[in-house]
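Trainee: This is the structure alone, sequence omitted:
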C-alpha cells in the first residue's frame with residue numbers, strides 16, 4: 001500500500017485530548033473520529049481482549065492511514081515488549097502512527113529498548129528517523145515516582161501520561177468520582193514532568209457523567225495541565241473547551257500584558273490590574289495564554 005505522508009502533528013502542548021479506544025471495534029473507531037479529540041489512541045492492551053488482538057492488528061494500517069490523512073495525532077498503545085508488544089509494534093509501525101504509547105512504564109531501560117525497536121522499524125519502512133514519538137503511560141506508583149528517569153530513556157519522549165484505574169489499584173486506594181485518591185499523584189506527576197521538560201497528560205476521568213469530567217479538567221488546568229486523556233468519545237468536546245482559553249480569559253490576558261508593558265515603558269517595576277499586582281511571572285503567564293489561544297483559534301471579544 002502506498003502511503004501519503006501525513007502533515008506534522010500539532011505540538012504536544014496543543015494536544016488537549018488523548019482518547020483511548022478499542023483496537024477491534026469499527027463502530028468505536030467511527031465514534032473516536034467524530035469526537036473532536038486531538039489525539040486518538042488505538043489501545044491493543046487493556047481495551048482489546050487477547051483473543052481479538054490479531055483482528056485489531058489487521059485493522060491498523062487502514063485505520064491509521066485514514067486518521068493521519070484527516071489530521072489527527074495518531075497513537076497505538078502496544079503491550080509490553082516481553083509480552084505481545086513486539087507483534088503489536090510491527091503491526092503499528094506499518095500504519096505510520098505519530099506515537100507509540102507504552103503501558104506500565106517504570107524504567108528508562110524499557111524506553112531505550114522500545115526506542116531501538118522503533119528505530120529498526122523506521123529504517124525498514126523508510127519512515128523519517130526519530131519521527132515516531134514514545135508516550136510512556138505511568139500507571140503504577142513506581143512509574144509515577146520514576147517519570148523523570150523514564151523521560152531520560154529516549155529522546156523520542158516529549159510527553160507522559162498519568163494512569164487512573166491501574167494506579168488506584170496499585171495504591172490500594174478506592175476509586176471515587178471526586179478523584180481525591182489521585183490528588184497527590186496528579187500533583188507529583190505534573191511537577192516531575194515539568195522538571196523533565198516533557199508535557200504531562202492528566203489521567204482519564206473514567207466515569208460516565210460529563211459534568212464530572214469538566215470539573216476534573218478545570219481543576220487539572222488550574223494545577224498546570226494542558227492535556228487530558230479520556231476513555232469516552234462523548235467527553236472530548238467538553239474537555240477540549242475546558243482546556244481552551246475562552247474569549248474573556250483572552251481579554252483579561254490582553255489587559256494584563258498591555259498594562260504591564262506600559263508600566264515597564266514608564267520605568268515602573270509592576271502594574272496594578274483589577275486589584276492584582278502584575279509582575280514578570282504573571283505577565284509571562286498571560287503572554288503564554290495569548291499564544292495558546294491564538295494557536296487554538298480564539299480571539300478576544302471586540
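Mentor: Now that the structure is in, tell me what you want to look at. Computed from a prediction, not measured in an experiment: that's the story for all the values here.
Trainee: how about low-confidence regions in this protein?
Mentor: 1-8, 301-302 (pLDDT under 70).
Trainee: how close does the residue nearest the centre of the chain get to residue 249?
Mentor: Among the residues of the chain, the one closest to the centroid is residue 201, at 4.3 Å (CA atoms, centre = their mean). Distance of residue 201 to residue 249, computed by CB to CB, to the nearest Å: 22 Å. Backbone N, C-alpha and C define where each C-beta goes, glycine included.
Trainee: Kindly report the same for residue 162.
Mentor: 25 Å.
Trainee: cool, and residue 238?
Mentor: 17 Å.
Trainee: Any buried residues in the strand or helix carrying residue 236, and which?
Mentor: For residue 236, the element it lies in under DSSP states H and E is helix 236-242. Neighbour counts using 16 or more other CB atoms under 10 Å place 236, 238-240, 242 of helix 236-242 among the buried residues.
Trainee: Which parts of the stretch 201-302 of the chain are helices?
Mentor: For the stretch 201-302 of the chain, the helices defined by DSSP state H, counting those that start in this stretch occupy 210-223, 236-242, 247-265, 280-295.
Trainee: Tell me which residues are up against the last one.
Mentor: Contacts of helix 280-295 with the rest of the structure, by CB atoms under 8 Å, 6 or more residues apart in numbering, involve 13-14, 226, 244-245, 249-250, 252-254, 256-257, 260-261, 276, 278, 299.
Trainee: Could you check how far it is from the centre of its chain?
Mentor: 20 Å (CA atoms, centre = their mean, to the nearest Å).
Trainee: buried subset of the contacts of helix 280-295?
Mentor: 14, 226, 244-245, 249-250, 252-253, 256-257, 260, 278.
Trainee: Please list all residues in contact with residue 128.
Mentor: residue 122.
Trainee: from the buried residues of helix 236-242, which is closest to residue 101?
Mentor: residue 236 (17.3 Å; CB to CB).
Trainee: ok, so of the buried residues of helix 236-242, who is nearest residue 140?
Mentor: The closest of the buried residues of helix 236-242, once distances to residue 140 are taken by CB to CB, is residue 239, at 24.4 Å.
Trainee: got the buried residues for stretch 21-36?
Mentor: 21-25, 29, 31-33, 35-36.
Trainee: Which two among those are spaced furthest apart?
Mentor: Every pair of the buried residues of stretch 21-36 checked by CB to CB; the farthest is 24 and 36, at 23.0 Å.
Trainee: Phi, psi for residue 157 please.
Mentor: Main-chain dihedrals, residue 157, degrees, to the nearest 10: phi -90, psi 120.
Trainee: Report the beta-bridge partners for it.
Mentor: residue 134 (DSSP bridges).
Trainee: doesn't residue 186 fall inside a helix?
Mentor: Yes: assessed by DSSP: H, G, I helix; E, B strand; the rest coil, residue 186 belongs to a helix.
Trainee: thought it was touching residue 205?
Mentor: No: counting by CB atoms under 8 Å, residue 186 stays clear of residue 205, with 11.8 Å between them.
Trainee: Quick check: phi and psi at residue 17.
Mentor: Torsion angles, degrees, to the nearest 10, at residue 17: phi -130, psi 130.
Trainee: List the contacts of the spatially closest residue to it that is not a sequence neighbour.
Mentor: Among residues not flanking residue 17 along the chain, residue 37 sits closest, at 4.2 Å (CB to CB, 6 or more residues apart in numbering). Shown in contact with residue 37 (CB under 8 Å, 6+ apart): 17-19, 72, 230, 233, 236, 240.
Trainee: hmm, back to that, okay if I get the helices of the stretch 201-302 of the chain as TSV plus distance to residue 193?
Mentor: Formatted as TSV, the helices of the stretch 201-302 of the chain follow (distance: least, CB to CB, whole Å):
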stretch	distance to residue 193
helix 210-223	11
helix 236-242	19
helix 247-265	24
helix 280-295	17
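Trainee: which of those helices is buried the deepest?
Mentor: helix 236-242 (a mean of 20; mean count of other CB atoms under 10 Å).
Trainee: returning to that earlier point: of all the helices of the stretch 201-302 of the chain, which lies closest to residue 47?
Mentor: It's helix 236-242; of the helices of the stretch 201-302 of the chain, that one is closest to residue 47 (CB to CB) at 16.0 Å.
Trainee: Tell me, how many residues neighbour residue 191?
Mentor: Residue 191 has 15 neighbours, counted by other CB atoms under 10 Å.
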